Structures are given as structure tokens and as C-alpha cells.
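Peer 1: sequence first, then the predicted structure, then my questions.
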Amino acid sequence: MAGVISAVDETMIELFSGLSARQFTKLVRQLRREGADSALKGRPWGLAFEDRVLLVAVYWRTNLTMRQIAVLFGTSKSAAHRIIDDLAPKLALRPRKRYAPETVLIVDGTLVPTRDHQVAAKSKNYRYSTNHQVVIHADTQLVVTVGEPLPGNRNDSVAFGESGIDHATRTATVIADGGYRGTRAVIPHRRKHKDEPLIDWKEAHNASHRKVRARVEHAFASMKTWKVLRDCRLRGAGVAEAMAGIARLHNLTMTG
């Protein structure tokens, strides 16, 4: 069965994956250096390594069903599923472990509607979702780490610790919105009473804080152009792998 999409055609890469041909080539080269293309026991893959990487990127980008993805790449539904299971963990962003003392990071949580109710819970968007804590570098706006997904009814102040983000960013300064009250994150100044205005320097500090913190919202908007984060049908660790992999693809689009 002949496929419609192939990594040989640069137009298809740019149209379906969200990456330019140059960025895709860079990604494949990185994955090969990391050993993602190592030979496995048993029957060899029916698709070339480049096509398998493209299949995963296209699945995340379009959120098509396995049956539709299989037809596009000229393979079987089960083979497409195995390719995603094999490559998705290898595409995951490798988090930073150490930061310079003056590093400033921004953290925020985003909800991913998730079909697997074992890992999700009803949240403020009235859908079963998972809460993902994402940290970006304040200067480069690149994602530096992604926390373990939690049920969507966990608030951000709890998720900051339970997702592992607090420990992962312990050597850096972290700023966040007011939902992180009670954590070590730097949050905006609060009024003691709703009718009592803040003094001028606190208002100015909050304005600066909002301007910088908005960068993480821009990162979320970019990441959610990969439509699997709008309605994830993957089960188990699939939603975590998709978030971590898309974080890596987002960084690649930022750096070229």
C-alpha cells in the first residue's frame, strides 16, 4: 500500500508536521545521535526512520485517528501504533538539571483534555483533563522542563510540588501567577483588602511581572498548534509523552 506522506517530500513535512524541512532534518540527526534508530530484535520496520519520525510528528500535529494516519503513511493501524509507542518516549524533551544562580524561569499549568479517565479528572473546563506544569526560560522562552501530569482538578499550587517541578527548578528563581500562593515561586503582590489599592511600586512591580509571565502563555499557544493537546486520545503515559515531545518540537521551531 503506497503512502501519501513521505519525508522525501519537503512540502509534506512543512504542511503536516509543523516543522520546516531544515528543522525536521536537524531533529532526525539529533535522534540518530541519541540512538533512537538502533536496530531492534524481530521484524524490521516497514517505514524508514525519517518516515517514522514524521509519522509521530504528524499524529501529534493533526490528532488524526490511527486508521487515518496509517492510510496516509501506507502502513497498518497496528504498525502506526507501534511506531508511536516506540518513538514518542525518544522524542521527549530532556529537562535541564542545573541552572545558573541568576536564571529566571516561568512556570504555569495548562489543561489537556484527555480521554483516559484513569489519569484525568473533571476540571474547570468541565472536561476530563490532565494538569501539566510547564517551565520556560524567561529570556529564551524555551521550555526547560515539563512536570508529571496530574488530574485536572489539582490546583497549580499543589501541582507545583507533586509534579516534580519544585524539585527540578530548585536552583533557579521561578515566577508564577497568583495561583501559586504558598509555594516558593515569586507571585504578584496582593491587596490585603479588595477595596485597598496597592502602593505605586507594587503596582509597577505587578505590571512588570505580568509582562514577563505572559511569555509562558505564548509558549502554550504555540505548543497547542499540535492538536493532540486539545483532545488527547492516548492512554496511560501517552499524554505525558506527547507533552514532553511537543515541548521539544516547540523548542526546535523557536531555535530553527
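Peer 2: Received, thanks. Numbers count the residues shown, from 1 in each chain.
Peer 1: what strand or helix carries S222?
Peer 2: Using DSSP states H and E, S222 sits in helix 200-223.
Peer 1: who touches that helix?
Peer 2: Helix 200-223 is contacted by residues 104, 106-108, 110, 134, 136, 138, 141, 143, 175-177, 186, 188-189, 197-198, 229, 243, 246-247, 250, 253-254 when judged by Cβ atoms under 8 Å, 6 or more residues apart in numbering. From N, CA and C alone the C-beta is placed, and that goes for glycine too.
Peer 1: tell me the pLDDT at R96?
Peer 2: At R96, the model reports a pLDDT of 81.
Peer 1: quick one: it and G18, what's the gap?
Peer 2: For R96, the distance to G18 (Cβ to Cβ, to the nearest Å) stands at 23 Å.
Peer 1: ok, these two, which is more surrounded?
Peer 2: G18 (23 against 18; other Cβ atoms under 10 Å).
Peer 1: measure the more buried one to L249 for me?
Peer 2: 7 Å.
Peer 1: low-confidence ranges in the stretch 1-150 of the chain?
Peer 2: 1-3 (pLDDT under 70).
Peer 1: for it, what spans make up the strands?
Peer 2: Using DSSP state E, counting those that start in this stretch, the strands of the stretch 1-150 of the chain run over 104-113, 121-122, 128-137, 143-146, 150-151.
Peer 1: quick one: closest of the ones you listed to W45.
Peer 2: Minimum separation from W45 across the strands of the stretch 1-150 of the chain (Cβ to Cβ) falls at strand 143-146, 27.6 Å.
Peer 1: does anything pack onto the closest one? Which helices or strands?
Peer 2: The contact analysis (3 or more Cβ pairs under 8 Å, 6 or more residues apart in numbering; DSSP states H and E) places strand 143-146 against strand 128-137, helix 238-255.
Peer 1: so which of the ones you listed is the most packed in?
Peer 2: Highest mean neighbour count of the helices and strands packed on strand 143-146: strand 128-137, a mean of 24 (counted as mean count of other Cβ atoms under 10 Å).
Peer 1: so which elements touch that one?
Peer 2: Short answer (3+ Cβ pairs under 8 Å, 6+ apart): strand 128-137 packs on strand 104-113, strand 121-122, strand 143-146, strand 150-151, helix 156-162, helix 165-168, helix 200-223, helix 238-255.
Peer 1: now that strand - C-alpha only, PDB.
Peer 2: The C-alpha coordinates for strand 128-137 follow below in PDB (Å, rounded to 0.1, in the frame of the first residue of the first chain):
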ATOM      1  CA  TYR A 128     -11.800  15.300  31.900                       C
ATOM      2  CA  SER A 129      -8.300  16.800  31.700                       C
ATOM      3  CA  THR A 130      -4.800  16.400  33.000                       C
ATOM      4  CA  ASN A 131      -2.800  19.300  34.600                       C
ATOM      5  CA  HIS A 132       0.600  19.800  33.000                       C
ATOM      6  CA  GLN A 133       3.100  22.100  34.700                       C
ATOM      7  CA  VAL A 134       5.400  23.700  32.100                       C
ATOM      8  CA  VAL A 135       8.500  25.700  32.800                       C
ATOM      9  CA  ILE A 136      10.200  28.100  30.300                       C
ATOM     10  CA  HIS A 137      13.300  30.200  30.400                       C
END
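Peer 1: nice, that's everything, thank you.
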